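In: Mind folding the following:
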Amino acid sequence: MAKQLQDAYIVAASRTPIGKAPRGMFKNTRPYELLVHAIRSAVAQVPGLDWIELNEAFAAQSLAVIQDLGLDPSKINPLGGAIALGHPLGATGAIRASTVVHGLRRRNYKYGMVTMCVGTGMGAAGHHRASCKSGLAPSNERFAGLTGLRTVFYFLLSQQEYEEMTMDILVERADGVLTIAFNRADKKNAITAAMYQTMADALVEAQGDASVRAILILGSAGIFSAGNDLEDFMKTPPMGEDARVFQFLRAISSAEKPVVASVAGPAVGIGTTMLLHCDLVYAADSASFSLPFAQLGLCPEAASSLLLQRVGGYQAAAEKLLLGEAFDAAEAQRMGFVNRVVPAADVDAFAATQAVKLAALPASSLRVTKSLMKRASHQELQTQMSEEAVHFGKMLLAPEAREAFKAFFEMRKPNFRQFD
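Out: Numbers count the residues shown, from 1 in each chain. Sure thing, here's the model as predicted:
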């Protein structure tokens with residue numbers, strides 16, 4: 001099978017087209033049998049399947065099916081994370097499709113399959129076939145699937161659609177450096193769930209790509225990141241350790257290759273905490289940092305409750321995390337998580353030069369050196385991050401957070417005195 005991706009496919013499958021399944025055809029049939037039927041059909045239709053992305057509530061069940069079918073487990077990602085995200089041809093399905101297509105493109109794979117739990121609403125998709133780009137499908141069945149339960153389907157994206165869906169994060173490779181750049185300046189580079197997924201995928205890919213020897217993270221238009229996009233955050237809250245934000249945090253905190261960041265303008269919330277996992281951080285003299293978790297009725301994330309006091313001391317960390325007030329690049333450098341303050345016009349170029357220097361050094365030396373420095377605290381860091389995630393999820397549903405978000409959208413100060 002050719003390894004040059006011509007068109008992005010998320011390939012599907014069952015031989016029974018949607019809308020044509022006899023009423024009650026699958027009544028009293030267990031999901032296990034439906035999955036076997038669907039996946040076997042997919043493989044039969046598309047020999048040489050490159051990649052299977054499991055995005056459903058019962059991934060373990062799917063893995064059991066895949067094992068029975070004798071498929072190569074190295075081609076399977078059971079941690080897609082999309083659980084009942086909605087109709088596959090709606091916005092949430094399109095986001096899932098774009099992230100999987102992004103993964104296929106980076107791997108130079110041509111054919112892949114994605115499963116999603118979409119319920120019986122999938123039956124209506126047969127009446128909207130114009131939504132799917134035709135002419136490139138590997139069979140005459142534009143939509144193929146099983147009504148209800150686990151539905152396996154294919155979804156085609158044109159190059160233009162793909163670029164529109166992934167333009168908020170730009171990923172490039174050059175001179176041994178993988179560059180991840182925020183590209184949503186109109187929203188102050190606020191991060192959506194889809195952006196977290198793109199960054200997580202890029203970091204995971206970098207780890208297995210020998211041509212990538214260093215990683216560079218950039219902002220855009222004089223802005224690093226305003227943190228979470230609150231509107232998107234409320235629509236898809238991170239309610240478990242498999243949430244895309246936590247996938248990103250695990251990926252950056254476990255990166256074996258050196259990570260360099262260039263920060264200009266505001267870095268809010270996770271825009272600051274992600275820097276604690278970078279190896280070299282260069283800030284523009286225009287940079288500002290803030291950790292407004294308490295102001296939003298939340299708690300720290302990214303193990304910042306551990307790392308910030310480790311680099312800056314308890315009192316300095318307490319001031320930043322409890323009050324959540326902004327501070328400048330000079331103070332960030334004094335605290336110890338910024339290496340150098342650089343004029344705003346030069347910071348990106350300076351950070352890129354440093355990344356290229358790292359890429360020219362022996363990869364094994366960098367890898368072992370970083371491992372030796374981080375190995376002793378790695379488990380402690382992961383434990384802290386998991387504990388923060390548990391508290392974060394609970395607090396996100398609490399009245400204080402609801403009041404904070406409501407006040408934000410109503411452009412007023414929140415009233416926390418009403419809560420104990």
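In: okay but V171 is in contact with V177, surely?
Out: No: counting by Cβ atoms under 8 Å, V171 sits too far from V177 to count as a contact (11.4 Å). C-beta here means a position set from N, CA and C on the backbone, and glycine is covered the same way.
In: what about these two, which has more around it?
Out: More neighbours surround V177 than the other of V171 and V177, with 24 against 19 (other Cβ atoms under 10 Å).
In: neighbours around the nearest residue to that one once chain neighbours are set aside, how many?
Out: In this structure, V177 finds its nearest non-sequential neighbour in A355, 4.6 Å apart by Cβ to Cβ, 6 or more residues apart in numbering. Per other Cβ under 10 Å, the neighbour tally for A355 reads 26.
In: Could I get the contacting residues of A355?
Out: Going by Cβ atoms under 8 Å, 6 or more residues apart in numbering, A355 touches V177, T179, A214, I215, L216, P258, V260.
In: Now the third one. Its backbone dihedrals?
Out: What that stands for is A214. When read as degrees, to the nearest 10, the backbone of A214 gives phi -160, psi 160.
In: And for the second one?
Out: Main-chain dihedrals, T179, degrees, to the nearest 10: phi -110, psi 130.
In: One more: the one 5 residues further on?
Out: R184 has phi and psi values of phi -130, psi 50 when expressed as degrees, to the nearest 10.
In: do the one 5 residues further on as well
Out: Main-chain dihedrals, N189, degrees, to the nearest 10: phi 60, psi 30.
In: Equivalent analysis for V368, please.
Out: Taking degrees, to the nearest 10 as the convention, V368 sits at phi -70, psi -40.
In: Roughly how far does M195 sit from F248?
Out: 9 Å (Cβ to Cβ, to the nearest Å).
In: ok, back up a step: which helix or strand contains the residue nearest to V177?
Out: Per DSSP states H and E, A355 falls inside helix 347-359.
In: out of everything not next to it in sequence, what's closest to T236?
Out: A193 (4.7 Å).
In: what's the answer for M199, then?
Out: F248 (5.2 Å).
In: Please name every helix or strand in contact with the host helix or strand of the one you found.
Out: Secondary structure from DSSP H and E places F248 in helix 244-253. Counting contacts by 3 or more Cβ pairs under 8 Å, 6 or more residues apart in numbering; DSSP states H and E, helix 244-253 packs against helix 193-208, helix 363-396.
In: For L280, find the nearest of the ones you listed.
Out: When the helices and strands packed on helix 244-253 are compared by Cβ to Cβ, helix 363-396 sits nearest L280, at 11.2 Å.
In: Buried by neighbour count: which residues of whatever helix or strand comes next after that closest one qualify?
Out: For helix 363-396, the following helix or strand on the C-terminal side (DSSP H and E) is helix 399-410. With burial defined by 16 or more other Cβ atoms under 10 Å, the residues of helix 399-410 counted as buried are E400, A401, E403, A404, F405, A407.
In: Let me know the closest of the residues you listed to A332.
Out: Ranked by distance to A332 (Cβ to Cβ), the buried residues of helix 399-410 are led by A404 at 24.7 Å.
In: gap between L230 and P266?
Out: 15 Å.
In: for A389, that is, sorry about that
Out: For A389 relative to P266 (Cβ to Cβ), the value is 24 Å.
In: ok, back up a step: please identify which of L230 and P266 sits among more neighbours.
Out: Taking neighbours as other Cβ under 10 Å, L230 and P266 compare with P266 leading, 22 against 15.
In: now that one, nearest residue through space, not along the chain?
Out: Nearest non-adjacent residue to P266 (Cβ to Cβ, 6+ apart): S288, at 5.2 Å.
In: Please apply the same query to S253.
Out: S253 sits nearest to H277 (Cβ to Cβ, 6+ apart), 4.6 Å away.
In: Spit out the contact partners of the one you found.
Out: L249, I252, S253, A255, V259, A302, L307.
In: swap the cut-off to 7 Å and go again
Out: Applying Cβ atoms under 7 Å, 6 or more residues apart in numbering, we find H277 in contact with I252, S253, A302.
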